[in-house]
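Undergrad: Curious how this folds, go ahead:
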Amino acid sequence: MRPPADTVGLVVVSPNHELRLDVAARLQSGRWSVTEATSGAEALEKVESGKVSLILLDAALPDLRVEEFKELLQAEHPHVEIVPLHPHTGQPIIGIPSPQSISFELLRHMNRIPVAPPRAALEPREECATAGIAPAPYLPGLVGTSQPMQRVCAMARLVAQRDTTVLITGQSGTGKDLVARALHQLSPRRFKPFVVINCAAIPEALLEAELFGYVKGAFTGAVQSRIGRIHAAQGGTLFLDEIGDLPLGLQSKLLRFLEHGELQRLGATDTFSVDVRVIAATNADLRKVVEEHGFREDLFYRLSVFPIELPPLRQRMGDVAELAQTFLAKFSPQPVTLSPDAQSLLMQHSWPGNVRELRNVIERATILAGSDTTIRPEHILL
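TA: This next block holds a predicted model:
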């Protein structure tokens with residue numbers, strides 16, 4: 001049965017199962033339409049998917065800082081109110097700067113909380129644009145609020161909480177590794193290993209042993225048994241960087257692992273079941289490589305369940321200044337600013353090396369600037 005039209009959507013957000021159940025049980029009323037969320041990302045998804053006017057928030061979020069969650073919610077859904085929950089009693093607390101406990105009976109009759117007006121159903125990006133606010137991407141480690149990056153971050157947020165295999169594509173230097181790490185940090189696997197293997201950096205003769213491990217005597221020099229990188233990622237995330245360079249001979253073995261979750265070490269007869277979430281990345285056009293018979297078609301489709309494409313920097317020029325300031329803070333031992341002329345010079349460049357090139361340019365500029373607290377055009381070498 002559908003709730004009455006005048007009910008108020010409410011989300012109880014806490015990683016504590018007992019606390020969520022207790023709070024929800026005490027809010028059984030025709031006034032409230034109650035749902036639950038275990039993390040900040042899940043709560044934001046629920047706000048996106050329906051009419052929510054109130055969030056009861058446990059400060060112990062597993063994925064986001066409370067301040068970060070509040071900023072993101074305010075930027076995209078300013079009509080939604082937040083009431084913090086006491087982490088032990090589950091009681092809502094209000095009042096700033098001195099929080100005061102209130103009873104659920106009072107909360108039930110908080111008629112000041114309106115049902116979201118029809119305008120609240122607008123797409124969050126449209127609301128922000130109308131209000132003149134640039135919503136932040138809120139992916140750990142990533143910088144930029146341009147529309148292309150907003151799309152990337154929205155896609156990443158949608159899939160972060162799942163075990164779905166993700167294929168990240170984009171030119172070299174666009175930050176594919178940062179997106180992979182962000183997906184891991186926002187996932188339920190964040191407290192487990194994040195294991196990286198660069199398929200282009202390891203000689204083909206050693207790559208199979210690195211991936212799958214080996215037993216003593218499997219080949220010359222195998223003086224002791226060793227688990228592979230896949231096994232080392234047990235319970236966590238395996239990031240296969242430059243997957244387009246994976247030799248054809250290993251692609252079938254990787255495909256078997258992805259399909260069955262089992263691996264066999266070199267020289268062994270037994271198999272191991274391994275639970276990992278796989279994220280792959282490439283700067284190649286894998287569809288074209290498949291057409292040229294350099295990559296297995298079945299493996300391509302197995303990896304690209306959820307593709308995320310990163311834009312080149314020239315398509316997100318609105319992020320250049322913010323990225324530059326971020327790198328200045330990283331490389332300069334003192335507060336440094338960009339002069340208007342220097343910033344204009346950065347904005348005129350096409351950035352074929354993408355964010356990595358910008359990073360190198362700014363690092364070089366901080367060295368050339370010496371003790372100068374302003375980066376000028378003569379410090380920018382392009």
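Undergrad: Can you list the helices and strands that the biggest helix by length in the chain packs against?
TA: The helix that spans the most residues within the chain, counting by DSSP state H, is helix 354-369. On a contact count with 3 or more C-beta pairs under 8 Å, 6 or more residues apart in numbering; DSSP states H and E, helix 354-369 meets helix 320-331, helix 340-348, strand 374-375. Placement of C-beta: from N, CA and C, glycine included.
Undergrad: Pull out the buried residues from the second one.
TA: In other words, helix 340-348. Residues of helix 340-348 classed as buried: 342, 343, 345, 346 (neighbour count, 16 or more other C-beta atoms under 10 Å).
Undergrad: quick one on the thing from earlier: how far is the longest helix of the chain from where the chain is centred?
TA: Put simply, helix 354-369 sits 25 Å off its chain's centre (C-alpha atoms, centre = their mean, to the nearest Å).
Undergrad: hmm, who's touching stretch 11-29?
TA: Outside stretch 11-29, the residues that touch it by C-beta atoms under 8 Å, 6 or more residues apart in numbering are 10, 34-40, 42-43, 46-47, 52, 54-58, 60-62, 85, 87, 90, 104, 107-108.
Undergrad: and the residue nearest to residue 258 when sequence neighbours are not counted, what is it in contact with?
TA: Distance criterion C-beta to C-beta, 6 or more residues apart in numbering; nearest residue to residue 258, sequence neighbours excluded, is residue 302 at 5.2 Å. Residues near residue 302 by C-beta under 8 Å, 6+ apart: 165, 255, 258, 259.
Undergrad: related to what we said a few turns ago, with respect to residue 195, which of the helices and strands packed on helix 354-369 lies nearest?
TA: When those are compared by C-beta to C-beta, helix 320-331 sits nearest residue 195, at 25.5 Å.
Undergrad: Name the surrounding residues that touch the closest one.
TA: Contacts of helix 320-331 (C-beta under 8 Å, 6+ apart): 143-145, 313, 336-338, 343, 346-347, 351, 355, 358-359, 362-363, 366, 375.
Undergrad: So which of the contacts of stretch 11-29 are in strands?
TA: Among the contacts of stretch 11-29, DSSP state E puts 10, 34, 35, 36, 37, 54, 55, 56, 57, 58, 85 in strands.
Undergrad: Bridge partners for the second one, pull those for me.
TA: Spelled out, that is residue 34. Counting by DSSP bridges, residue 34 is bridged to residue 10.
Undergrad: quick one: low-confidence parts of the protein?
TA: Across the chain, the ranges flagged by pLDDT under 70 are 1-6, 28-31, 63-64, 86-138, 223.
Undergrad: okay, now the domains of it?
TA: 8-125, 147-309, 314-379 (automatic domain parsing).
Undergrad: ok, which stretches of the stretch 151-300 of the chain are strands?
TA: Secondary structure of the stretch 151-300 of the chain (DSSP state E, counting those that start in this stretch): strands located at 166-169, 194-198, 213-214, 226-227, 237-241, 262-263, 272-273, 277-282.
Undergrad: Can I get those in a markdown table including mean neighbour count and distance to residue 160?
TA: Formatted as a markdown table, the strands of the stretch 151-300 of the chain follow (neighbours: other C-beta atoms under 10 Å; distance: least, C-beta to C-beta, whole Å):
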| stretch | mean neighbour count | distance to residue 160 |
| --- | --- | --- |
| strand 166-169 | 24 | 9 |
| strand 194-198 | 18 | 13 |
| strand 213-214 | 22 | 28 |
| strand 226-227 | 16 | 27 |
| strand 237-241 | 24 | 11 |
| strand 262-263 | 17 | 25 |
| strand 272-273 | 13 | 24 |
| strand 277-282 | 25 | 10 |
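Undergrad: Include distance to residue 318 when you put these into TSV, please.
TA: Below are the strands of the stretch 151-300 of the chain laid out as TSV (distance: least, C-beta to C-beta, whole Å):
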stretch	distance to residue 318
strand 166-169	22
strand 194-198	30
strand 213-214	46
strand 226-227	45
strand 237-241	27
strand 262-263	44
strand 272-273	46
strand 277-282	24
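Undergrad: Go through stretch 167-181 and flag the buried ones.
TA: Those would be 167-171, 173-181, for stretch 167-181 by 16+ other C-beta under 10 Å.
Undergrad: hmm, back to that, which ChimeraX command selects the buried ones in the contacts of helix 320-331?
TA: Filtering those down to the buried ones (16+ other C-beta under 10 Å) takes a single ChimeraX command:
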select :143,144,145,313,336,338,343,346,351,355,358,359,362,366,375
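Undergrad: Please list the members of the contacts of residue 302 that lie in helices.
TA: Per DSSP H, helices hold the following members of the contacts of residue 302: 255, 258, 259.
Undergrad: ok, of these, which come out buried?
TA: The buried subset of these - by 16+ other C-beta under 10 Å - is 255, 258.
Undergrad: and which of the ones in helices among the contacts of residue 302 is nearest to residue 71?
TA: For these, the closest approach to residue 71 (C-beta to C-beta) belongs to residue 258, at 37.1 Å.
Undergrad: and that closest one, what does it touch?
TA: 165, 278, 299, 302, 303.
Undergrad: ok, it to residue 252 distance?
TA: 11 Å (C-beta to C-beta, to the nearest Å).
Undergrad: Also residue 375?
TA: From residue 375 to residue 252 the distance is 51 Å (C-beta to C-beta).
Undergrad: Would you enumerate the residues in contact with residue 298?
TA: Counting by C-beta under 8 Å, 6+ apart, residue 298 touches residue 255.
Undergrad: Looking at the buried residues of helix 340-348, which one is closest to residue 247?
TA: For these, the nearest to residue 247 is residue 346 (39.7 Å; C-beta to C-beta).
Undergrad: Contacts only, for the closest one.
TA: So residue 346 contacts 320, 321, 324, 338, 358, 361, 380 (C-beta under 8 Å, 6+ apart).
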